[in-house]
Structure formats: C-alpha cells, structure tokens
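Undergrad: Any chance you could fold what I've pasted below:
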Amino acid sequence: MKIVVTSPSFSSNEVLQNEIFHYFPNAKLNLEGKRFSKDELIEYIKDADGVVIGLEPIDKDVLEHCPKLKIVSKYGVGLNNIDLKECEQRSIAIGWTGGVNRLSVSEMTLGYMLMLARNLYVTSNQLKNGIWNKSGGFQLSGKTVGIIGVGFIGKDLIRLLKPFGCKILVNDIIDQDEYYKQNDLIKASKDEIFRSCDFVTIHTPYDESTKNMVNQEILSNMKKSAFIINSARGGIVDEVALKYALQNNIIAGAAIDAYSEEPPSDKEFLSLENLICTPHIGGNAKEAVEAMGMSAIKHLVEFFNL
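TA: Numbering: from 1, shown residues only. Below you'll find the model as predicted:
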C-alpha cells in the first residue's frame, strides 16, 4: 500500500521517520516542508491508500481525486479540517486519538498568562529597542481565570493552575458538574466569564457554534484590564475585532496561536505591542510532536493489520 505524509513537522522528525519506515518502507514524506495549495495537495496524495495529515483540508474536492484512499490518520487532535461525513460516505476510516498533545498546549497557555500578567513580552521587546521600562505587571496568583471548553486541554490547564490559587470560571457544552465540584470550579455562562475574568482562554473546537465567538460586542464587555487567549483554532476569535480592541485599549492584551488565515498576512495586527502572536506551535513541543506522530502511525498499523 502507498502511505503519504503531508505534515512537514512529522516528516522532518527522525524518530517518526524511523518508525513509519519500519512499517511502511516506501512511505512518502514531505521532506521539503511544503505548504500545499489544494491542487498541490490533490496531486501529492491522489494515489495514496493511507495518508497522515496535519492541518491540510481533506474535503469533498480532495477526496474525489483520491479513489484508493482507505484511511486518513490525523497527526494532531483537531478534526475540523476533515470532512467526516464525506469520509464516512466513501468508507474512509479516520485514525484519531483525542488529547494526545494536551500538555504541550496547556503549558503554552500557562506561559501566555504569565507573560501577559508580568508584562514580560512588552518589556522584553522594548529593551531590545533601548527602552528601560520597569513596569513588572501583576502576579497571576489569585486572579480570576475563565476557561471556555473543558476538554483534555482545559482540564490539563486547570491542573497546572492549581498552585496559583486562581478563581476559575468554566463553561462547556457537556455537563461536568461533578468534575467542577471536585476541583473547586465555578460553572458560569460565557457572558459571565467575559465580563468578570482577568484572563479568558478558549479551548473549544472550531465549528459554526464557535465561529467568531469572540467578537466586537464580547470584547467591549470585557474588563479594560483583561486578556484574551486563543490557543485553540483560528476563526474562534474575530481578528478584525480583536485588532480594533487592542489598538483602542478596549482590553489590555491578547495571545494568539491560531489564525483564520495561516500564515496570517495582516502585519499591522501582528506588530501590535500588546499582542503575543505565535505560529500555531501550541501542540508542537518535541514530546507532543512525537506522541502525535506515533499515534498517527499506530492507527495506520492497526488498520492495515501489520
């Protein structure tokens, strides 16, 4: 069978290379680090029996050109880039393990909070430009944190926050009252979270219910001293509205790891002093890369009974 890997970070990892070649000696890896257009993606995977994909869109247009495809194995945790119904109709299996990179994302989110609270990002950049700003921000300990989306990553962040003694407000579409009680969490509406929290961090999937969840109205309801964090998926935060809010001091700052357009092209937005922006690396700690890759390979091995 022909196995094709689209992800550059998977393809360049020596541990994952050795593992996939052990089971699939003729696997094709994206060793050039190519970011595919749709036509390029189709050309790259059209003869594959199985694919390992990262963020590439696997939709109806792509699947129509892949008549041999039997399994899509996910390198990562989000499934929003895969047309699951179309795959089901074509009897294409999905290889996926939830939460495999949870610690990588939750650690980065905690890092964002500390950087924003203690003014680390702003003062570091200022010092590089010769500005000696002694404003040290405030302590994270004891502040009010809102977590929207209490899944694998949300729960891991709650665990990491425990030593800081934060008041934590939570919101999720799933009833988790017993878990909330055990961990001294406060169940709240999204509106309550946005209005009252010092930090709001999003850990939901991206779909029609979460598209532009953080918009101009929501941002205007937040405290002027508050921060918003999105280390989930692009499109959950309306970046035009966030840009306006940051430019006009409607909120104090933000940290963004995922964008509606990747890589983002709005240089004015990216250059804002009160915005921490990273290139979708939340799940890309070395340990997480290898765990995600091993999971993707495992699904292929099990599917093809190797």
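Undergrad: what's the closest non-adjacent residue to Phe303?
TA: Leaving aside its chain neighbours, Phe303 sits nearest to Ile71 (4.8 Å; criterion: C-beta to C-beta, 6 or more residues apart in numbering). Just so you know, the C-beta spots here come from the backbone N, C-alpha and C atoms, and that holds for glycine as well.
Undergrad: Ok, Leu116 next?
TA: Setting aside the residues directly before and after it, Leu116 is nearest to Phe227 in space (C-beta to C-beta, 6+ apart), at 4.7 Å.
Undergrad: my guess is the one you found contacts Phe194, does it?
TA: No. With contact defined as C-beta atoms under 8 Å, Phe227 and Phe194 do not form a contacting pair (11.7 Å).
Undergrad: what do those two both touch?
TA: The overlap between the contact sets of Phe227 and Phe194 (C-beta atoms under 8 Å, 6 or more residues apart in numbering) consists of Val200.
Undergrad: can you pull the buried residues of the strand or helix carrying Lys85?
TA: Using DSSP states H and E, Lys85 sits within helix 84-89. Neighbour counts over helix 84-89 (16 or more other C-beta atoms under 10 Å) mark Glu86, Cys87 as buried.
Undergrad: what's the helix or strand just after it packed up against?
TA: Next in sequence after helix 84-89, counting helices and strands by DSSP H and E, comes strand 93-95. Under the contact criterion of 3 or more C-beta pairs under 8 Å, 6 or more residues apart in numbering; DSSP states H and E, strand 93-95 touches strand 71-74, helix 84-89, helix 286-303.
Undergrad: and the last one, C-alpha only, in PDB?
TA: Taking C-alpha atoms only, helix 286-303 is exported to PDB below (Å, rounded to 0.1, in the frame of the first residue of the first chain):
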ATOM      1  CA  LYS A 286       9.100  17.900  20.900                       C
ATOM      2  CA  GLU A 287       7.300  15.400  23.100                       C
ATOM      3  CA  ALA A 288       3.900  16.200  21.600                       C
ATOM      4  CA  VAL A 289       5.200  16.000  18.000                       C
ATOM      5  CA  GLU A 290       6.400  12.500  18.700                       C
ATOM      6  CA  ALA A 291       3.300  11.500  20.600                       C
ATOM      7  CA  MET A 292       1.000  12.700  17.800                       C
ATOM      8  CA  GLY A 293       3.100  11.100  15.200                       C
ATOM      9  CA  MET A 294       3.300   7.800  16.900                       C
ATOM     10  CA  SER A 295      -0.500   7.900  17.400                       C
ATOM     11  CA  ALA A 296      -1.000   8.500  13.600                       C
ATOM     12  CA  ILE A 297       1.400   5.600  12.700                       C
ATOM     13  CA  LYS A 298      -0.400   3.300  15.200                       C
ATOM     14  CA  HIS A 299      -3.700   3.900  13.500                       C
ATOM     15  CA  LEU A 300      -2.300   3.000  10.100                       C
ATOM     16  CA  VAL A 301      -0.600  -0.100  11.500                       C
ATOM     17  CA  GLU A 302      -3.800  -1.300  13.200                       C
ATOM     18  CA  PHE A 303      -5.900  -0.500  10.100                       C
END
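Undergrad: Thanks a lot, see you next time.
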